[in-house]
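Asker: how does the following fold in three dimensions:
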Amino acid sequence: MEMVDGRYIYCIIDWDQKKPPANLGNIGISESPVYTIAHKDICAVVSSIPFKQMESNMNDIVAHQRVVEAAREIGTVLPVRFGVILKNEEGIKKLLTGSYKDYSAKIVQVRGKDEIGIKVLLGKASLKKIEAQAQEQSDEIQKIKSEISSAQPGTSYFMKLRLQDAVKNETLRKIDQMVGEINRTLGSGAQDTKMMKNEVGEIVLNAAYLVDRNKMNEFDTKLRELRDRFESQGMTIHRSGPWAPYSFC
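Answerer: Below you'll find the model as predicted:
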C-alpha cells in the first residue's frame, strides 16, 4: 500500500500577504524542506512527511524546535504541539480558515514578546539551611524549645513532636513566602505568567513568563536582585530562554 504524504505543522506565524511563500530550507523532520502555506495574513510552517502516527524521539523533537526557532526570524510565532500531521495542504488551509480569529488574536497577544522559563530549586542542604533560619526567626519554636528544656520526662516526648511539627510548618511557610515573592516580582515585569508542573521534588517553582522584548532588561534586573537576596538563603534560581511562547498558545 502506497504511503500518503501528510503535512507536518510546526507553528503558525503572521505574514505579509504581499510576500510570496517562504522556504526555510531542509531543516524539518528527517531533513525535509520546510515552507509556508498562507491564509490572509497568517500562515502555517509545514513540511511533507508520511501521513502516519508519530512516535516522539529526540531527533524529531529537536527538529521541531529548530524549525520554530527559524520561523521566529520571519514572523511572530505560535508554536504547535509536537506530532500534528494533516493529510494534505487543503487540510492545512481549512485549519487556518477555521481558526483564523483565534490565531490572529493570539498573535497580537504574543507579538514582540518572548517566553522566559524560571525554575527555583531547593536541594537537601539548602532545605536544612532554610529550616535553620526558620527555627532562629520563629518565636513559637524558641518558646517550645525553652519549654522542653524545663519539662518533665513524661511530657518532653510530646513536646518534641510538637516542635517537629512547628519546625516543619514554619519551614514550609518560609519557603512559600520566598517562592511567592519571587513569582510576584517577576510576574510584575511580565505580560502573562503560567505555572508549570513540577516534575522533580527539588523544584519549588516552575513558571513561564511572557516578557516584552523592550522590557527584558528590566525583567533580568529584577531577576538579579532576587538572586542576590534568595540564593544566599539557600535557593537556586535558574533562567532559560528566550523561547517562542510555547506556554501561552
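
Asker: let's test this: name the helix or strand in this structure with the lowest mean pLDDT.
Answerer: helix 139-149 (a mean of 69; mean pLDDT, DSSP states H and E).

Asker: this protein: helices as residue ranges?
Answerer: Assigned by DSSP state H, the helices in the chain fall at 58-71, 89-98, 100-110, 124-137, 139-149, 153-187, 216-230.

Asker: right, so of those helices, which gets closest to Phe82?
Answerer: Checking these against Phe82 by CB to CB gives helix 58-71 as the closest, at 5.2 Å. (Each C-beta comes from the backbone N, C-alpha and C, glycine too.)

Asker: tell me the mean pLDDT for that closest one?
Answerer: In this model, helix 58-71 has a mean pLDDT of 95.

Asker: stretch 161-180 now?
Answerer: When pLDDT is averaged along stretch 161-180, the result is 82.

Asker: list the buried residues of it.
Answerer: Leu163, Ala166, Val167, Glu170, Thr171, Lys174, Ile175, Met178, Val179 (16 or more other CB atoms under 10 Å).

Asker: any chance of a markdown table for those, columns distance to Ala125?
Answerer: Listed next are the buried residues of stretch 161-180 as a markdown table, based on distance: CB to CB, whole Å:
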| residue | distance to Ala125 |
| --- | --- |
| Leu163 | 22 |
| Ala166 | 22 |
| Val167 | 17 |
| Glu170 | 19 |
| Thr171 | 14 |
| Lys174 | 16 |
| Ile175 | 14 |
| Met178 | 16 |
| Val179 | 18 |
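
Asker: nearest to Asp102 among these?
Answerer: Val179 (33.1 Å).

Asker: any idea of the pLDDT on the nearest residue in space to that closest one that is not next to it in sequence?
Answerer: Excluding its sequence neighbours, the residue lying closest to Val179 (CB to CB, 6 or more residues apart in numbering) is Leu205, at 4.8 Å. At Leu205, the model reports a pLDDT of 94.

Asker: cool, the one 5 residues further on as well?
Answerer: Leu210 carries a pLDDT value of 98.

Asker: ok, it - how many residues close by?
Answerer: Neighbours of Leu210 under the rule other CB atoms under 10 Å: 18.

Asker: separation between it and Thr76?
Answerer: To Thr76, Leu210 is 12 Å away according to CB to CB, to the nearest Å.

Asker: phi and psi next, for Gly75.
Answerer: Gly75 has phi and psi values of phi -180, psi 180 when expressed as degrees, to the nearest 10.

Asker: nearest residue to it in space, please, no chain neighbours.
Answerer: The shortest distance from Gly75 to any non-neighbouring residue, by CB to CB, 6+ apart, is to Ile13 (3.4 Å).

Asker: quick revisit: and among the helices of the chain, the most buried is which?
Answerer: Among the helices of the chain, the stretch with the highest mean neighbour count (mean count of other CB atoms under 10 Å) is helix 58-71, at a mean of 17.

Asker: Arg111 contacts Arg72, correct?
Answerer: No - if you go by CB atoms under 8 Å, Arg111 and Arg72 don't touch, sitting 11.6 Å apart.

Asker: bridging residues for the residue nearest the centre of the chain?
Answerer: The centroid of the chain falls nearest to Ala208 when counting by CA atoms, centre = their mean (3.7 Å). Under DSSP bridges, the beta-bridge partners of Ala208 are Gly117, Lys194.

Asker: and it, what is it in contact with?
Answerer: Glu115, Ile116, Gly117, Ile118, Thr193, Lys194, Met196, Tyr246, Ser247, Phe248 (CB atoms under 8 Å, 6 or more residues apart in numbering).

Asker: among these, which ones are buried?
Answerer: Judged by 16+ other CB under 10 Å, buried ones among the contacts of Ala208: Glu115, Ile116, Gly117, Ile118, Thr193, Lys194, Tyr246, Ser247, Phe248.
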